[in-house]
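Asker: give me coordinates for this.
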Amino acid sequence: MIFKLKVTLTGIKGFYRIYLVHGATTLYTLHKQLRSDMEFPQDQLIMFKALAADGSVTGRYGLFDLGSGTVDAVSLEKAFKAGAASFVYFYDVTNRKSVNISVEEEASPAKVSPDFPILAESKGPNPIEFENGYVAFEDLPDRQRYLPGEEPEDLDDEDFDDEVEEEDEDEEEEDEDGKEIFDENE
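Answerer: Reported below is the predicted structural model:
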């Protein structure tokens, strides 16, 4: 059985990854692929928290047995048979950094390559970029969704001018020699 998995970040529309994964693939193999593709740190503890369709926890799988088995001994099919409908994959347990993994559909083996897991589709930068302040266009509030050189349609000119003035105030002042002048109060 081949599963089409979708990896997402909670509350972020500008990111997803689609994987084709064989049901016999262990969670550890999936972990290694996710870590490689999304540049997750290699020195952190990991965990897959399996969730039922109603959101209740059906199992926790880690490098050490957390009661449901270890990631190298549990395949996707085994986790799904145990009641998992989706996962929260903690790529950094200590700092509670995670992505969501949901099953989009079961794919026919004839339609895909025998090498698994396969990154089939991708949108947005890696999750670390969102931690560093990156905001995807579709995640911006409506009042900020406009291209450079365009004025937003839903703001009147006074509101737009106020926003521009606030941005200008944040810039550092320079003296005649081009050196920045710092305010002692900052």
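Asker: C-alpha only now, for contacts and for neighbours.
Answerer: Will do.
Asker: surely residue 77 is within a helix?
Answerer: Yes: when classified by DSSP: H, G, I helix; E, B strand; the rest coil, residue 77 is found to be part of a helix.
Asker: residue contacts, it?
Answerer: For residue 77, the contact set (Cα atoms under 8 Å, 6 or more residues apart in numbering) comprises 23-24.
Asker: tell me the pLDDT of it.
Answerer: Per-residue pLDDT puts residue 77 at 92.
Asker: list the contacts of residue 34.
Answerer: residue 40.
Asker: which SS state does it fall under?
Answerer: Taking three-state DSSP, the label given to residue 34 is helix.
Asker: my read: residue 68 touches residue 60, true?
Answerer: Yes: with contact defined as Cα atoms under 8 Å, residue 68 reaches residue 60; the gap is 5.8 Å.
Asker: these two - which one has more neighbours?
Answerer: residue 60 (21 against 18; other Cα atoms under 10 Å).
Asker: okay, the more buried one: pLDDT?
Answerer: 96.
Asker: looking at the protein, which helix or strand is least sure?
Answerer: None of the helices or strands of the chain scores lower by mean pLDDT, DSSP states H and E than helix 157-170, at a mean of 48.
Asker: intersection of neighbour lists for residue 68 and residue 60?
Answerer: With Cα under 8 Å, 6+ apart as the test, residue 68 and residue 60 reach no residue in common.
Asker: who's in contact with the nearest residue to residue 42 once chain neighbours are set aside?
Answerer: Counting by Cα to Cα, 6 or more residues apart in numbering, residue 42 lies nearest to residue 35, which is 7.4 Å off, once chain neighbours are set aside. Shown in contact with residue 35 (Cα under 8 Å, 6+ apart): 41-42, 91.
Asker: so how far is residue 18 from residue 35?
Answerer: When distance is defined by Cα to Cα, to the nearest Å, residue 35 is 14 Å away from residue 18.
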